[in-house]
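Novice: Build me a model:
(chains A and B)
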Amino acid sequence: MSESLIRARGLTKKFDDFTAVNGIDFDVLKGESFGLLGPNGAGKSTAMRMIGATSQRTSGELTILGKDPEQFGPQIRAHLGVVPQQDNLDTQLSVTENLYIYGRYFGLSRKFLKGKIEELLAFAQLEEKRSAKVESLSGGMKRRLTIARALVSEPEILMLDEPTTGLDPQARHILWDRLFRLKEDGVTLLITTHFMDEAEQLCDRLVVMDKGSIMAEGSPAQLIKDYSTKEVLEVRFGSERNAGMANDLGQLCERIEELPDRILMYTEDGEELLERVYKKGFHPKTSLVRRSSLEDVFLRLTGRTLVD
Amino acid sequence: MSSFQARQGSLKIVDAAKVAARGALFVTEARLRSMLKWVWLIISIAIANPVLYLISIGLGLGSYIDQNAGSAGIDGVSYLTFLAPALLATAAIQGAMDESVFPTLEGFKWNKTFFSMNATPLSGNHIAMGVFFNSLIRTVFTAVLYWLVMLAFGVLESPRAYLAIFTAVMAGAAFGALMQALAGLLENENMFFTIVERFIIMPLFLFSGTFYPLSSMPIFLQWIGWISPLWHATELGRWLTYGSEISTSMLFVHFIFLNSILAVGLFASRRIFTRRLGK
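Specialist: Residues are numbered from 1 along each chain as shown, chains lettered A, B, ... in the order given. Prediction:
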């Protein structure tokens, strides 16, 4: 069995009488890409800050690289690369300077950093912006710089909190590509996201979180297999009629979810189901057959959608 | 092509003990880089401030006061000579505050850079001390330039006048450390500017025996001077630059007061920074 780099048992964080993280258990193994999937407010970022050894837990056990963050915060942080949800770059300094000073915070020598910065500029595709002030960078560039900055110390674990939130599709794909490369290089990734496509793309294994608790754990494929069907048929009858249809349609398939704008019908064969819907004399305004995703898993587990 | 073929890993290249020992200096280095972006502004302020103040108030107002004061002058010297040590300490305090209050508000609130520092092996203590050390550099720079302008104005009468640089820096460091702690405490920066600037800093400047001896104030207002680092530094500065009369015990009081404020400010800054980052 592979080595467990992060181990949490009953990990809990309370702020006054609000419980942000409620007794979660998980292990992150060396070299894997592990995800925390859940909507905003699920407790993902709070969990990340505890794992990042900056925020102390209220109760439970937590070890990172075999050490307790309560006693060994700086020693643990020496081996983490942290990409926070909001870029906290030094906007008064240039791209290169941001990488440099961050490397210095890890006590790295000027000589080492000189070469490292070149490598990171190439990695983040920011070579032409090396002398630009951070203020002048686009959102995607800032995000790539924040990730490059987190890599300056060649961390054992790279922690990314919502890495692509706020980025356009093209910028997201560039970022995903960079993260794939890191994984190939053996870096352990810990990612939070509320995008199911991102979780499916990037994570070997993930936990689905809601309201501070873990609802399910597994690989994306396994979770879909366990909690959903192979395919989904989405039908729309127009907002006022959707509600009335649910009962009748429910008899045609394994499971049904009623959303305000559409009805989701869970089945092994979507096209076949659609034919049966028509045969029964129902005529949806629009229909769409797709594969099940983590979104469906989340819906099944919580009765709510990930992004509302 | 992989960008990380030569990857050695942090377990090999990062030395947490080195950061624990020298972390504050790494933060100072980073703050110094930010500060140097404004270096021309800082130099301009450091020169224009003494020149303008010493000409307008020292010479302008001073000649008027000297005419009316008679041959004894104020405290036995010209008004310019009397005023200059107070302005020296004021400038040192202002310089210290610029480099401690603004970076603190920026680090916690505006850019949240302290949180990115704290994600590394650096701790709140390192960050607090790094910000302080950088403000100390600015304070020394400001005080030295101010002192040189004073030299040019001919107001340094005592051979030990150069020591006034140190007492001014002491006041700057003490006040800067205290304000750094306060800035770290406030969640809302408007509080700092509207309340602290108006109701603490301005009164201290006006009531610290800056423009006239504290003893000429009504007794019920003199306490403001007593709690003000500016007054203590001014008293020391006057003794050092032109040899004003002062008892040995008072010298100790001024010296101990300034260093006590410095110790309290640094202790509070470290505590406040660490607590806020760990929330």
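
Novice: Please could you give me each C-alpha atom of stretch B:55-69, formatted as CSV?
Specialist: Coordinates of the C-alpha atoms in stretch B:55-69 are reproduced here as CSV (Å, rounded to 0.1, in the frame of the first residue of the first chain):
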residue,chain,number,x,y,z
ILE,B,55,12.2,77.3,6.7
SER,B,56,8.5,78.1,7.2
ILE,B,57,8.0,77.5,10.9
GLY,B,58,11.6,77.6,12.1
LEU,B,59,12.8,80.6,10.3
GLY,B,60,9.6,82.3,9.4
LEU,B,61,7.7,82.0,12.7
GLY,B,62,11.0,81.7,14.5
SER,B,63,12.2,85.2,13.6
TYR,B,64,8.9,86.6,14.8
ILE,B,65,9.2,84.7,18.1
ASP,B,66,12.9,85.5,18.6
GLN,B,67,12.2,89.2,18.2
ASN,B,68,9.6,89.1,21.0
ALA,B,69,11.5,86.7,23.3
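
Novice: For that stretch, which outside residues touch it?
Specialist: The set of residues external to stretch B:55-69 that reach it, using C-beta atoms under 8 Å, 6 or more residues apart in numbering or on different chains, is B:73-74, B:78-80, B:83-84, B:87, B:153, B:155, B:211. Placement of C-beta: from N, CA and C, glycine included.

Novice: And A:G81, what's its pLDDT?
Specialist: Looking at A:G81, its pLDDT is 97.

Novice: Okay, now the sheet partners of the helix or strand hosting it, with direction.
Specialist: When secondary structure is defined by DSSP states H and E, A:G81 falls within strand A:80-83. In the sheet containing strand A:80-83, its partner strands are strand A:157-161 (parallel), by DSSP bridges.

Novice: helix or strand right after the strand it pairs with?
Specialist: On the C-terminal side of strand A:157-161, the nearest following helix or strand under DSSP H and E is helix A:169-184.

Novice: Could you list every helix and strand in contact with that following helix?
Specialist: Contacting helix A:169-184 under the criterion 3 or more C-beta pairs under 8 Å, 6 or more residues apart in numbering or on different chains; DSSP states H and E are the following elements: helix A:139-150, strand A:188-193, helix A:196-202.

Novice: ok, so of the contacts of stretch B:55-69, who is nearest chain A?
Specialist: Using C-beta to the nearest C-beta, B:L87 is the member of those that lies nearest chain A, at 29.7 Å.

Novice: Low-confidence stretches in chain A?
Specialist: Flagging of chain A using pLDDT under 70 yields the residue ranges A:1-2, A:307-308.

Novice: Report the central residue of chain B.
Specialist: Closest to where the C-alpha atoms of chain B average out (C-alpha atoms, centre = their mean) is B:G172, at 2.4 Å.

Novice: now B:G176, nearest residue through space, not along the chain?
Specialist: B:A96 (3.1 Å; C-beta to C-beta, 6 or more residues apart in numbering or on different chains).

Novice: Can you say which helix or strand has that neighbour in it?
Specialist: If you go by DSSP H and E, B:A96 is part of helix B:79-105.

Novice: and the residue nearest to B:G176, how many neighbours?
Specialist: 30 (other C-beta atoms under 10 Å in any protein chain shown).

Novice: Could you report the separation of it from B:I200?
Specialist: Using C-beta to C-beta, to the nearest Å, we find B:A96 at a distance of 15 Å from B:I200.

Novice: The helix holding B:A96: how far from the chain's middle?
Specialist: Chain-centre distance of helix B:79-105: 6 Å, with C-alpha atoms, centre = their mean, to the nearest Å.

Novice: Show me what it packs onto, helices and strands only.
Specialist: Helices and strands touching helix B:79-105, by 3+ C-beta pairs under 8 Å, 6+ apart, are helix B:16-36, helix B:39-53, helix B:62-69, helix B:124-153, helix B:164-185, helix B:229-242.

Novice: following the last one, which helix or strand comes up?
Specialist: I take that to be helix B:229-242. Per DSSP H and E, helix B:229-242 leads on to helix B:248-277 as the next helix or strand towards the C-terminus.

Novice: Quick one: mean pLDDT over that next one.
Specialist: For helix B:248-277, the mean confidence score works out to 97.

Novice: What helices and strands are in contact with that helix?
Specialist: Packed against helix B:248-277, as judged by 3+ C-beta pairs under 8 Å, 6+ apart, are the following elements: helix B:113-118, helix B:124-153, helix B:164-185, helix B:229-242.

Novice: Turn those into a markdown table, including mean pLDDT.
Specialist: Converted to a markdown table, the helices and strands packed on helix B:248-277 look like this (pLDDT from 0 to 100):
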| stretch | mean pLDDT |
| --- | --- |
| helix B:113-118 | 96 |
| helix B:124-153 | 97 |
| helix B:164-185 | 96 |
| helix B:229-242 | 96 |
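
Novice: got TSV for the ones you listed, with distance to A:G81 too?
Specialist: Formatted as TSV, the entries for the helices and strands packed on helix B:248-277 read as follows, by distance: least, C-beta to C-beta, whole Å:
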stretch	distance to A:G81
helix B:113-118	11
helix B:124-153	19
helix B:164-185	26
helix B:229-242	42
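
Novice: I'd like to know which of those is closest to A:G73.
Specialist: Of all the helices and strands packed on helix B:248-277, it is helix B:113-118 that lies closest to A:G73, at 9.2 Å by C-beta to C-beta.

Novice: CA atoms only for the closest one - export them in CSV, please.
Specialist: Output in CSV follows, covering the C-alpha atoms of helix B:113-118 (Å, rounded to 0.1, in the frame of the first residue of the first chain):
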residue,chain,number,x,y,z
THR,B,113,0.0,39.0,1.5
PHE,B,114,0.6,38.1,5.1
PHE,B,115,-1.6,35.0,4.6
SER,B,116,0.6,33.9,1.6
MET,B,117,3.7,34.4,3.8
ASN,B,118,2.1,32.4,6.5
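
Novice: hang on, the earlier thing: with distance to chain B as added columns, please give the helices and strands packed on helix A:169-184 in JSON lines.
Specialist: Written out in JSON lines, the entries for these read as follows (distance: least, C-beta to the nearest C-beta, whole Å):
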{"stretch": "helix A:139-150", "distance to chain B": "8"}
{"stretch": "strand A:188-193", "distance to chain B": "11"}
{"stretch": "helix A:196-202", "distance to chain B": "17"}
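
Novice: Not counting stretch A:254-263 itself, show me its contacts.
Specialist: With C-beta under 8 Å, 6+ apart as the criterion, stretch A:254-263 contacts A:229, A:234-237, A:239, A:242-243, A:245-246, A:249-250, A:264-267, A:296, A:299-300, A:305.

Novice: Now do the end-to-end distance for it.
Specialist: 13 Å (C-alpha to C-alpha, to the nearest Å).

Novice: swap in stretch A:41-54?
Specialist: 19 Å.

Novice: my guess is A:A78 contacts B:K18, does it?
Specialist: No: between A:A78 and B:K18 no contact is recorded; they are 9.7 Å apart, counting by C-beta atoms under 8 Å.

Novice: between the two, who's got more neighbours?
Specialist: Here A:A78 and B:K18 are compared on neighbour count by other C-beta under 10 Å; more neighbours surround A:A78, at 28 against 16.

Novice: who touches residue 161 in this structure?
Specialist: Picking chain A for this. Going by C-beta under 8 Å, 6+ apart, the list of residues near A:D161 reads A:44-45, A:48, A:83-85, A:192.

Novice: hm, I was asking about chain B
Specialist: When contacts are counted by C-beta under 8 Å, 6+ apart, B:A161 is found next to B:147, B:240-242.

Novice: now B:M217
Specialist: If you count contacts by C-beta under 8 Å, 6+ apart, then B:M217 has B:207, B:209, B:225 around it.
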